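Enquirer: Predicted structure and sequence below. I'll ask about it afterward.
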Amino acid sequence: MEHVFTGLDRIREGEWKNLKRYNLGLLANQASLDSKLNTAREVIARLLPGQLRALFGPQHGYGGEDQDNMVETDHSSDNVLNIPIYSLYADTREPLVHMFDGLDVLIIDLQDVGTRVYTFASTMLNCLRAAAKGGKKVLVLDRPNPLGGEIVEGNLLKAELYSFVGPYSFPMRHGLTMGEMARVFDHVYKLGCDLEIISMYGWRREMLWNETGLRWIMPSPNMPFLETALVYPGQVIWEGTNLSEGRGTCRPFEIFGAPWLDPDVIKRGLDPVATTGCYLQEYTFRPTYHKWEGELCRGFMIHVLDPHIFRPCSTSIALMKTVMAMHQSNFEWKKPPYEYEYKKKPIDLIMGDSSLRRDLESGASLTLIMDKWRADLESFIRWRRPYLLYS
């Protein structure tokens, strides 16, 4: 197996020398580890003693301790380094001016999961904006996209639905790294940020996470395994419904269902394309929190058999279409709020195009729905080329 060197590995192996004499901030969390399992904080504090002046945490907290949607994290402090830990998922999701006081460089080292709605990209964008306004440099330590960088899936986000779960018009499975997204943001929003990317060594676009030689560390509480990330671009859509997406179980997003769901009926009505590269195991579960807490749910667990041909967006849209058709009297869209949007439907924010919801409501064929994606995806693949860092 090949071994990928992340941006943090490159800092440890010598790039740190370029940061001498600068006061540093670090946006990171518990998954910001080098290949030797040292945290970004440990690496930087050891190599550049006294220069780390503030830590920043994204959604779920600097330690990854808090749950999902609008569960805020308080500011705190690092008692060893005697520096503040600012939460960027609290009363504000943007760095305030005083948080950057005394800093010269903000280092960003976050592990993305390759899906548009994962909020770390929005947090990075907010930091780029604040840094550009405050005249601060931003250094992004790049990490692999666990889903690889070749395959893209799903519809493009419409501008009227930009939100904290959709910072730009990416497809649901975007095939970009954090460093590449930073380049996109700086250009399309004309930020003029003093931006530098410490790129990876050894990562190629066709690589899935299990081909990188890196250990999977949970980037958030409900992303426990690579398998979770593999299904997430599709399975996240259940967040916009009254079905459980498996929160409150040990396998969120792989497991989903509701007390009223009939797995036999769903399987009989399902388009065969839904099971390409995967197997749907009928499953019962009782969530310990979140939707249907304490109630017995029936549904499925998705087993990804071949991640190279599995298409999570197609699978989950096909499943949703069938659930809506077979359980019309039970199925409901979740009501707002969702990620600090109080009027728009959560499903529209997640899917990024209200016409997709309307197509599902009208019973449009899966082929018609997917055909609408294709031209946009082809255009996106061409459009993103100037921002790519890896062949």
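Expert: Nice, thanks for sending it over. Numbers count the residues shown, from 1 in each chain.

Enquirer: Look up how far Asn155 lies from the residue nearest in space to the middle of the chain.
Expert: What sits nearest the mean C-alpha location of the chain, by Cα atoms, centre = their mean, is Tyr118, with 2.6 Å. Note on Tyr118: its distance to Asn155, by Cβ to Cβ, to the nearest Å, is 17 Å. From N, CA and C alone the C-beta is placed, and that goes for glycine too.

Enquirer: same thing with Thr275?
Expert: 22 Å.

Enquirer: And those two? Which one has more around it.
Expert: Asn155 (22 against 17; other Cβ atoms under 10 Å).

Enquirer: on that earlier part again, OK, contacts around the residue lying closest to the residue nearest to the centre of the chain once chain neighbours are set aside?
Expert: Nearest residue to Tyr118, sequence neighbours excluded (Cβ to Cβ, 6 or more residues apart in numbering): Asp112, at 6.0 Å. By Cβ atoms under 8 Å, 6 or more residues apart in numbering, the residues touching Asp112 are Tyr118, Phe120, Ala121, Arg143, Asn145, Thr177, Met178, Met181, Pro219.

Enquirer: quick one: the second one and Leu110 touch, right?
Expert: Which is Phe120. Yes - using Cβ atoms under 8 Å, Phe120 makes contact with Leu110 at a distance of 4.6 Å.

Enquirer: anything in contact with each of the two?
Expert: The contact lists of Phe120 and Leu110 share Pro58, Met178, Pro219, where a contact means Cβ under 8 Å, 6+ apart.

Enquirer: What about the first one, how many residues nearby?
Expert: Okay, so that is Pro58. 28.

Enquirer: residues in contact with the nearest residue to it once chain neighbours are set aside?
Expert: Among residues not flanking Pro58 along the chain, Thr123 sits closest, at 4.5 Å (Cβ to Cβ, 6+ apart). With contacts defined as Cβ under 8 Å, 6+ apart, Thr123 is in contact with Leu27, Pro58, Gln59, Leu88, Tyr89, Arg93, Leu110.

Enquirer: Now the third one. Nearest residue, chain neighbours left out?
Expert: Nearest residue to Gln59, sequence neighbours excluded (Cβ to Cβ, 6+ apart): Tyr89, at 4.2 Å.

Enquirer: from the contacts of Thr123, which ones fall inside strands?
Expert: Members of the contacts of Thr123 lying in strands (criterion: DSSP state E): Leu27.

Enquirer: of the contacts of Thr123, closest to Leu47?
Expert: Leu27 (17.9 Å; Cβ to Cβ).

Enquirer: ok, the closest one - contacts?
Expert: Neighbours of Leu27 in contact, by Cβ under 8 Å, 6+ apart: 55-58, 88, 106-110, 123-124, 127.

Enquirer: so when I look at Asn330, I'm seeing a helix, right?
Expert: No - the assignment for Asn330, made by DSSP: H, G, I helix; E, B strand; the rest coil, is coil rather than a helix.

Enquirer: Using the record's assignment, carve this structure into domains.
Expert: 7-221, 226-352 (automatic domain parsing).

Enquirer: And for Ser77, the neighbour number?
Expert: Here the number of neighbours of Ser77 (other Cβ under 10 Å) works out to 13.

Enquirer: contacting residues around it?
Expert: Ile83, Pro84, Ile85.

Enquirer: now the helices for the stretch 251-391 of the chain?
Expert: 263-269, 312-326, 346-351, 354-362, 366-383 (DSSP state H, counting those that start in this stretch).

Enquirer: Mean pLDDT added to those helices, as CSV?
Expert: Shown next, in CSV, are these (pLDDT from 0 to 100):
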stretch, mean pLDDT
helix 263-269, 97
helix 312-326, 97
helix 346-351, 98
helix 354-362, 97
helix 366-383, 94
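
Enquirer: separation between the closest residue to Arg247 other than its chain neighbours and Phe256?
Expert: Leaving aside its sequence neighbours, Arg247 sits nearest to His290 (Cβ to Cβ, 6+ apart; 4.0 Å). From His290 across to Phe256, the span is 12 Å (Cβ to Cβ).

Enquirer: neighbour-wise, which of the two wins?
Expert: A side-by-side neighbour count of His290 and Phe256, using other Cβ under 10 Å, places Phe256 first with 30 against 18.

Enquirer: On the pLDDT front, check the more buried one for me.
Expert: What the model reports as pLDDT for Phe256 is 98.

Enquirer: go on, Met1?
Expert: Looking at Met1, the pLDDT reads 64.
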